[in-house]
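S.K.: Have a look; sequence and predicted model below, questions after that.
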Amino acid sequence: LYIFHRVGTSLDARRPTFVGADEFFLLAAKSEVGRAYCMEALRTYRKYNAYMTIATQDANDLVPSGRGDDLAAILNSCRTRVYLPNPAALEPIQFAAYLEHGLNSREVREIADAIPQRDYVVRQPDGTRRFNLGLGPELAFMTPITGLSMTETADRLRQVKAEAGERWMHAWLRMRGVHQ
């Protein structure tokens, strides 16, 4: 939590600031101090020309527990929510978690049908929509191969370059499933 304290004390309204907190909900769910910090940040960062993005890999991290430590107030402070594709979204436990977030069955179906590493589902007070970034084949260079780390993907790319020579880009895209 010290690093978040340092971030908070360095905010200056004259300088826009972005704070990314991956898996922060795990800290907020397990720590009263973490939860208090998160609530304070979401309430006050705007006046310092700053905003916080909170990410989690599992929608169940955000489901109220009923033990008085639920994160409903934090969720209510998040006006824009971006959901990544989740083919398992229609499975009962996942589906229930999304409903707990206030999504309806059509929105959950959008999440389940979205194409990984291309589509995103955004929910805002004025509605929900699915979009893709339209990055095209370039995305094949930016993302790790499924099941491999980024380092392992880079090693594989070097191997393809060594084997394919000048045509390495075509070989890489073909290997990644991009055919043009």
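M.R.: Great, that's in hand.
S.K.: ranges for the helices of this protein?
M.R.: For the chain, the helices defined by DSSP state H cover 2-10, 24-30, 32-44, 72-77, 92-100, 105-113, 139-142, 150-164, 168-175.
S.K.: buried residues in the first one?
M.R.: This means helix 2-10. Using 16 or more other CB atoms under 10 Å as the test for burial, helix 2-10 gives F4, V7, G8. The C-beta positions use only the backbone N, C-alpha and C, and glycine is treated the same way.
S.K.: Give the bridge partners for the one residue sitting closest to the centre of the chain, please.
M.R.: The centre of the chain sits closest to A55, judged by CA atoms, centre = their mean, with a distance of 4.9 Å. Beta-bridge pairing of A55 under DSSP bridges involves D22.
S.K.: residues in contact with it?
M.R.: G20, A21, D22, E23, F24 (CB atoms under 8 Å, 6 or more residues apart in numbering).
S.K.: what number of residues lie near A97?
M.R.: 20 (other CB atoms under 10 Å).
S.K.: now do A50
M.R.: Around A50 there are 20 residues (other CB under 10 Å).
S.K.: Would you confirm that it contacts L11?
M.R.: Yes. With contact defined as CB atoms under 8 Å, A50 and L11 form a contacting pair (5.2 Å).
S.K.: okay, and the common contacts of these two?
M.R.: Common neighbours of A50 and L11 (CB under 8 Å, 6+ apart) are T17.
S.K.: in stretch 89-96, what's buried?
M.R.: A89, Q94, F95.
S.K.: now do stretch 147-157
M.R.: Under the neighbour-count criterion of 16+ other CB under 10 Å, stretch 147-157 has T153, L157 buried.
S.K.: which residues are contacting that stretch?
M.R.: F141, T143, P144, I145, W172.
S.K.: rewinding a little: TSV please, covering the buried residues of helix 2-10 and showing pLDDT and distance to P85.
M.R.: Below are those laid out as TSV (pLDDT from 0 to 100; distance: CB to CB, whole Å):
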residue	pLDDT	distance to P85
F4	75	30
V7	84	30
G8	83	33
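S.K.: Next one: Q57, what pLDDT does it get?
M.R.: The model reports Q57 with a pLDDT of 74.
S.K.: residues touching the residue nearest to it when sequence neighbours are not counted, list them.
M.R.: Once flanking residues are discounted, Q57 sits nearest to E23: 7.0 Å by CB to CB, 6 or more residues apart in numbering. Neighbouring residues of E23 by CB under 8 Å, 6+ apart: A55, T56, Q57.
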